[in-house]
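Participant: predicted model and sequence follow; I will ask about them next.
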Amino acid sequence: MKLRVIVLFLFPLFFSCTSSPGKGVEINLEDVALRQSERYLSQQDPVRALAAIHGYRQKGLESEHLESLWEEGIALLETRFSRLLEEKDYQGALALSHSFAALDLPSTSRPWGFEEYCKARAEEELEKGNTIPALIFINEIIDGNTLSPPEFQSWGDIAYQANWTRLLDRIIKNLENLKQSFPEEWRELGNKKDSPVDLLRGTVTVWVNRGIRLQGGLGMPDRVIGSGFFIDRRGYLLTNYHVIDSEVNPTYEGFSRLFIRLSGDPYTRIPARVVGYDKIMDLALLKTEIEAPYAFPLSSEDTFKPGDRIYAIGSPLGLESTITSGIISAVNRRFLQLGDTIQVDVPINRGNSGGPLFNETGTLVGIVFAGIEQFEGLNFAIPAQWFVSLIPQLYEEGPVIHSWLGFAVSETQKGLEIIYRMPGELLGSSGLRMGDTISALNGNPVKTLRDTQKLLMKYPPGTLMRINFTRGGEELNTYVVVEERPENPILEALKKDSRENIITPLFGMALEPAGSPFWKKAYSVSKVFKGSIAEETGISESDPLTILNWMVDEEEMYAAIQIFIKKRKAGFMETAIQLAAYLEIDNFI
């Protein structure tokens, strides 16, 4: 009886506290804006200060103090840009250079942008002895008006020594257009085709010894077998991240030792170490202390198409130096968080992961990374155009840093519709809402996830980005700071937001409360996005549903939701269904 009295006493008190949240509390928007902007400026962060000030301006806030802070932010932006160039922090300078462009403000120091960044980084890498990263930076700008004839000659010599035939061909074309001469052996190299025997010499078997595991009360060897291929004569080679995961994963606490075996010498174990890795793109750069017998030349050209003949080299089930052939079955498959993949019918088995995929001319097309064992001939590779530009970051050691804006989007005919945004201070001040349609980033039109993710790779974290978007037919713009992308956006969202909100990016349907009592999780479907799990399940707008249970399995990387739903398309017959989604979703930018 006593307990019942307490409950009845607290019940009206609870509702009296929540029925009018914030009642009697007045927030002075100008004070908030000034404090936030001053805090960023005191932290020497003009980019975030300017983004915040612009956000408050959009809300109609104007004041002399805020205007003076804007001018202070511009001045600090200029000062920091000059300092970063002096300190040779070229990535930081690139972020601020893009920020100037976003604000339509010229830098008073000197013209400096992506082309100058690539040249500076190329020279810097060359001074370190890192020829391959240097060539990758030059490859980005080789067809522009950035290099002089002597520079073309110099980089042509380097490309020739590295056997980079595709880059050398482009250098030759530029010199011919400039009516400049070049050594005849350059053209001869371009006509030369590396044989499969040459390519075999550049491929290795990757072994990770993880000691002994117990299975059924018996100890069994625990080892991971993959493939890899040299890209640098100094012993640098590429493979998949999932092959060497235990070497760098902080959650792994067991024994782990990494080594490789050369093609043609299956008995000698050569120690190796992980230099850099990218879990999102499933890449890893390894280093051995030997001179590579052959290094694959890199190219980021996207010239392949369905039906093209291709070959793979790897160590399926540990059988070293195995060459298999097939065709490209499809392109632009969405399989990873970022980018797309190539679908191939080349025979792939355990041990092929990390091996090279190349065409009939010996040009590297991609890296084999997955095969679906239950379905013969259904295999996938990461295209070279997606990973070549990341290799300089892999040389810097540690994890690769990707950029993002913090949105999940859905492709529409008008652009990318925002269906979810990560909770955060800066996105809150941007004014962007769910339902807004993004049409351009820093003046670059965007319509597809693929093109947008490719574009964002050129903008380092800390860049101020102008976003053009439409809302209710009105064209607007705002500023957002490019941030460092989390390893898994959905897992990050689960830490910061309610699970009901995360239903939208996971399953592709937006919900709104149905006005039920607070202990029942009843909703109505307000929107279903095309191509989503919800649409494929037959869910449509206005369908009422009740959430019964949620489950998130981080080890197996999936989420599931159980619901009771009355489908309009099924005559509002109530059914219980379960929806499941992989946590590595690809709709975040």
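Facilitator: Now that the structure is in, tell me what you want to look at.

Participant: check the spacing between Ser540 and Thr504 real quick.
Facilitator: With distances taken as C-beta to C-beta, to the nearest Å, Ser540 is found 15 Å from Thr504. C-betas here are computed from N, CA, C, even on glycine.

Participant: more neighbours: the two, which one.
Facilitator: Thr504 (22 against 16; other C-beta atoms under 10 Å).

Participant: I'd say that one and Glu417 touch.
Facilitator: No: with contact defined as C-beta atoms under 8 Å, Thr504 does not count as touching Glu417 (11.1 Å).

Participant: can I assume Ala581 is in contact with Thr504?
Facilitator: No: in this structure, Ala581 is not within contact of Thr504 by C-beta under 8 Å, at 11.3 Å.

Participant: which residues touch the residue lying closest to Asn240 once chain neighbours are set aside?
Facilitator: Excluding the flanking residues, the one nearest Asn240 by C-beta to C-beta, 6 or more residues apart in numbering is Gly354, at 4.2 Å. Gly354 makes contacts with 206, 226-229, 238-240, 243, 284, 314, 367-369, as judged by C-beta atoms under 8 Å, 6 or more residues apart in numbering.

Participant: could I get the full set of helices for the stretch 351-500 of the chain?
Facilitator: With helices called from DSSP state H, counting those that start in this stretch, the stretch 351-500 of the chain shows them at 384-387, 391-395, 425-430, 449-456, 489-496, 499-507.

Participant: let's have those helices in CSV, adding mean pLDDT and distance to Ala559.
Facilitator: Compiled in CSV, the helices of the stretch 351-500 of the chain are given as follows (pLDDT from 0 to 100; distance: least, C-beta to C-beta, whole Å):
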stretch, mean pLDDT, distance to Ala559
helix 384-387, 92, 26
helix 391-395, 97, 30
helix 425-430, 64, 23
helix 449-456, 92, 20
helix 489-496, 92, 7
helix 499-507, 92, 6
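
Participant: what's the closest of those to Gly156?
Facilitator: helix 391-395 (20.3 Å; C-beta to C-beta).

Participant: can you report phi and psi for the residue nearest to Asn240?
Facilitator: Per-residue torsions, Gly354: phi 100, psi 0 (degrees, to the nearest 10).

Participant: how close does it get to Leu238?
Facilitator: Taken as C-beta to C-beta, the span from Gly354 to Leu238 is 7 Å.

Participant: identify the contacts common to those two.
Facilitator: With C-beta under 8 Å, 6+ apart, Gly354 and Leu238 have common neighbours Gly228, Phe229, Ala284, Ile367.

Participant: and the strand or helix carrying the first one, which strands flank it?
Facilitator: Think Gly228. Using DSSP states H and E, Gly228 sits in strand 218-232. Its sheet considered, strand 218-232 pairs with strand 203-215 (antiparallel), strand 236-239 (antiparallel) by DSSP bridges.

Participant: may I see the buried residues of the longest one?
Facilitator: Residues of strand 203-215 classed as buried: Thr203, Val204, Thr205, Val206, Trp207, Val208, Asn209, Arg210 (neighbour count, 16 or more other C-beta atoms under 10 Å).

Participant: the stretch 101-250 of the chain: helices as residue ranges?
Facilitator: Assigned by DSSP H, counting those that start in this stretch, the helices in the stretch 101-250 of the chain fall at 114-128, 131-141, 149-161, 165-177, 184-191, 196-201, 245-248.

Participant: of the ones you listed, flag the one that's most buried.
Facilitator: Mean neighbour count (mean count of other C-beta atoms under 10 Å) peaks for helix 131-141 among the helices of the stretch 101-250 of the chain, with a mean of 22.

Participant: elements contacting it?
Facilitator: Other helices and strands packing on helix 131-141, by 3 or more C-beta pairs under 8 Å, 6 or more residues apart in numbering; DSSP states H and E, are helix 114-128, helix 149-161, helix 165-177, strand 218-232, helix 391-395.

Participant: what stretches of the stretch 51-200 of the chain score poorly on pLDDT?
Facilitator: Applying pLDDT under 70 to the stretch 51-200 of the chain picks out residues 106-111.

Participant: can you spell out the domain ranges of this protein, please?
Facilitator: Annotated domains of the chain cover 198-398, 403-484, 489-582 [automatic domain parsing].

Participant: just so I know, which of those domains lies nearest Asn145?
Facilitator: domain 403-484 (18.4 Å).

Participant: returning to what we had before: now the strands paired with strand 218-232 in TSV, with mean pLDDT?
Facilitator: Formatted as TSV, the strands paired with strand 218-232 follow (pLDDT from 0 to 100):
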stretch	mean pLDDT
strand 203-215	90
strand 236-239	98
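
Participant: now the closest residue to Ser299 other than its chain neighbours: how far from Ile280?
Facilitator: Nearest non-adjacent residue to Ser299, counting by C-beta to C-beta, 6+ apart: Arg166, 4.1 Å away. According to C-beta to C-beta, Arg166 and Ile280 sit 26 Å apart.

Participant: contacting residues around the residue positioned nearest the centre of the chain?
Facilitator: The centre of the chain sits closest to Leu338, judged by C-alpha atoms, centre = their mean, with a distance of 4.3 Å. The contact partners of Leu338, by C-beta under 8 Å, 6+ apart, come to Ile280, Met281, Trp386, His402, Gln453, Asp586.

Participant: recalculate using a threshold of 10 Å.
Facilitator: By C-beta atoms under 10 Å, 6 or more residues apart in numbering, Leu338 lies in contact with 278, 280-281, 386, 390, 402, 404, 449-450, 453-454, 456-457, 485, 586, 588-589.

Participant: tell me the spacing between the residue lying closest to Gln393 once chain neighbours are set aside and His242.
Facilitator: Distances taken as C-beta to C-beta, 6+ apart place Val400 nearest to Gln393, at 4.6 Å, with adjacent residues excluded. Applying C-beta to C-beta, the value for Val400 to His242 is 15 Å.

Participant: now stretch 70-78, how far from the centre of its chain.
Facilitator: 31 Å (C-alpha atoms, centre = their mean, to the nearest Å).

Participant: got it, and stretch 430-441?
Facilitator: Mean C-alpha position of stretch 430-441 versus that of the full chain (C-alpha atoms, centre = their mean) differs by 20 Å.
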